[in-house]
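A.B. asks: Model the structure of this input:
(2 chains)
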Amino acid sequence: MIKGLDGAGAASEAMRQLNLDVVAAYPITPQTEIVENYAKFVADGLVNTEMIRVESEHSAMSACIGASASGARVMTATSSAGLAYMWELLAIASGLRLSIVMNIANRALSGPLNIHCDHSDSMGCRDSGWIQIYCEDAQEVYDFNLIALKLSEKVKLPVMVMQDGFITSHCMQNIAILNDSVVRKFVGEKKIENSLLDVENPITIGPLQLFDYYFETRRQLSDSIEKSKRDFLKLCKELSKITKRKYGYFESYKLNDADVAIIILNSTAGTVKEVIDKLRKNGKKVGLLKLHLFRPFPYKEIGNALKHLKNIAVLDRSESYGANAPIYSEIKNSLYDLKKTNVYSYIYGLGGREVHEEDIENVFNELLTGKIKNKYIGLREKSD
Amino acid sequence: MKSWKDIKMGGITEKASSLDYKTGSWRSLRPILDTKKCINCMRCVIYCPDNCIPIKYNKRLETNLDYCKGCLICVEVCPVKALSSKKEGEK
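C.D. replies: The predicted model follows:
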């Protein structure tokens, strides 16, 4: 069925259908509605979930860790400073191999205070050991929430599902929702292993591991997150059999015969597609690669998809201060052995700065001529 | 010691595994009991941070050297100075 939902609504609708045991969350703009909608479902008796209204995001993730360690199916949501506040626990959730799914409505990190979209929050924790999936619109948020939960429980790794704060989270879209029973069947029951509540088999979760074993435990995490790439693709395929919507590591839009391309994450991909259609009418061979899976990063597949291009622009909505921008570095890594493709880095949209079609057109024109000038899109270089 | 492929995921440890870790190996000073002076007031028993002093039939027994870390709090609190200390390895 088709429902009119914004990104937050899509996330909370998926959560409603996933039969969660525990939700522990703290509000923060622009994620608040995800949990607010869910709280309404709890109050109306539509779900049988223990809703824990904690006092901070740090406590939210702590509660999620405890719940997941006890065998519960658990989800939460946050943004920006909230995600930063739970930073120490992100490494704990992944290190202890707990299955948790978290929705992130991307919002700029503070300093100065900003409530609008950029990717500095989720990019800031890209090394935490969480699987990271980025969504362009509300439909992808819904679909990837279903995939994320199943993936998380299969590979025993926590998963974050990103959407652009305000741009995706607060914009109404028509999205196709599956029936409750179909989702229930897809996601199944959580297989409970190593639960703290299993008193017959007492265990310790999160013991002290000194120099003699910590390294080995962390090596397992590295191995598992690498292998989770295959499970991700398998689940995308499994869901596509039901929904007929195909997902993979990334989406290529008019990429195969393109000379130049833009690589981008999340909602601005929509703007890029519009510009591509327009430029293609004028005979310019331009394309797009929109990345979904950022962690684990599919280096080989991306390298193969891009190796025929002359020039590539990677548009990052966050900076890695003092170093190359996040997506740009990874793309360059993918193309290391291929000497003939030039990769250029662009920074756009920090703190919610708007990106217009003209800006994207400028990028494509720079790529086509090979004359790269503007590294920062939409920045005021001169005062009025 | 096990390789990374042979240990449980996420560092999960099973049943009462702390008992396998003999913290007594950390000790450098050992408490020595003079049973003739001991009045069995049980102050050392209560103060021991590791519960290393067992009681039987209202008498304190020898310190459990598997877990005694040699903090010497028992020596400090004994009201009749029945406890003294000696370096590990000294005769």
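A.B. asks: The helix or strand of chain B with the lowest mean pLDDT near chain A at all?
C.D. replies: Every helix and strand in chain B was compared by mean pLDDT, DSSP states H and E; the lowest is strand B:13-14, with a mean of 86. Yes: judged by C-beta under 8 Å from any C-beta of the partner chain, strand B:13-14 comes into contact with chain A at B:Thr13, B:Glu14. Yep, even glycine has a C-beta here, placed from its N, CA and C like the rest.
A.B. asks: Can you list the strands that that strand pairs with?
C.D. replies: Strand B:13-14 has the following sheet partners, assigned by DSSP bridges: strand A:203-204 (antiparallel).
A.B. asks: Could you point out the helix or strand that follows the strand it pairs with?
C.D. replies: For strand A:203-204, the following helix or strand on the C-terminal side (DSSP states H and E) is helix A:214-243.
A.B. asks: OK, contacts around B:Pro49?
C.D. replies: B:Cys71, B:Ile73 (C-beta atoms under 8 Å, 6 or more residues apart in numbering or on different chains).
A.B. asks: just checking, next helix/strand downstream of the least confident helix or strand of chain B?
C.D. replies: Taking DSSP H and E, what comes next after strand B:13-14 is strand B:29-33.
A.B. asks: Flag every residue of chain A that's near chain B.
C.D. replies: Counting by C-beta under 8 Å from any C-beta, chain A sits next to chain B at A:95-98, A:156, A:194, A:201-207, A:209, A:212-217, A:219-220, A:223-224.
A.B. asks: which among the residues you listed end up buried?
C.D. replies: A:95-98, A:156, A:194, A:203, A:205-206, A:209, A:213, A:216-217, A:220, A:224 (16 or more other C-beta atoms under 10 Å in any protein chain shown).
A.B. asks: so where's chain B uncertain?
C.D. replies: For chain B, the stretches with pLDDT under 70 are B:91.
A.B. asks: Helices along that one, start to end?
C.D. replies: B:43-47, B:73-77 (DSSP state H).
A.B. asks: Mean neighbour count and distance to chain A added to those helices, as JSON lines?
C.D. replies: Rendered in JSON lines, the data for the helices of chain B read as follows (neighbours: other C-beta atoms under 10 Å in any protein chain shown; distance: least, C-beta to the nearest C-beta, whole Å):
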{"stretch": "helix B:43-47", "mean neighbour count": "16", "distance to chain A": "25"}
{"stretch": "helix B:73-77", "mean neighbour count": "17", "distance to chain A": "23"}
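A.B. asks: Which of those sits closest to A:Ser345?
C.D. replies: helix B:73-77 (61.2 Å; C-beta to C-beta).
A.B. asks: chain center to the closest one: distance?
C.D. replies: 13 Å (C-alpha atoms, centre = their mean, to the nearest Å).
A.B. asks: list the helices and strands it packs on?
C.D. replies: helix B:43-47, strand B:83-87 (3 or more C-beta pairs under 8 Å, 6 or more residues apart in numbering or on different chains; DSSP states H and E).
A.B. asks: which residues are contacting it?
C.D. replies: B:Pro31, B:Arg43, B:Cys44, B:Tyr47, B:Cys48, B:Pro49, B:Ile53, B:Thr63, B:Leu83, B:Ser84, B:Ser85.
A.B. asks: How is chain A divided into domains?
C.D. replies: A:2-243, A:251-377 (automatic domain parsing).
A.B. asks: Need these in a markdown table (columns: mean pLDDT).
C.D. replies: A markdown table is the format used below for the domains of chain A (pLDDT from 0 to 100):
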| stretch | mean pLDDT |
| --- | --- |
| domain A:2-243 | 95 |
| domain A:251-377 | 92 |
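A.B. asks: most packed of those?
C.D. replies: domain A:2-243 (a mean of 20; mean count of other C-beta atoms under 10 Å in any protein chain shown).
A.B. asks: end-to-end on it?
C.D. replies: 12 Å (C-alpha to C-alpha, to the nearest Å).
A.B. asks: Quick check, A:Ser152 in contact with A:Arg97.
C.D. replies: No: with contacts counted by C-beta atoms under 8 Å, A:Ser152 stays clear of A:Arg97, the gap being 10.5 Å.
A.B. asks: sorry, back to before: just give me the closest of the contacts of helix B:73-77 to B:Lys5.
C.D. replies: B:Pro49 (37.5 Å).
A.B. asks: how far away is the closest one from A:Phe144?
C.D. replies: Distance, B:Pro49 to A:Phe144, using C-beta to C-beta, to the nearest Å: 51 Å.
A.B. asks: got it, and B:Lys36?
C.D. replies: Taken as C-beta to C-beta, the span from B:Lys36 to A:Phe144 is 76 Å.
A.B. asks: contacting residues around residue 32?
C.D. replies: Going with chain A. Taking C-beta under 8 Å, 6+ apart, one finds A:Ala8 in contact with A:Thr32.
A.B. asks: that's the wrong chain, I wanted chain B
C.D. replies: Applying C-beta under 8 Å, 6+ apart, the residues near B:Ile32 are B:Leu83, B:Ser84, B:Ser85, B:Lys86.
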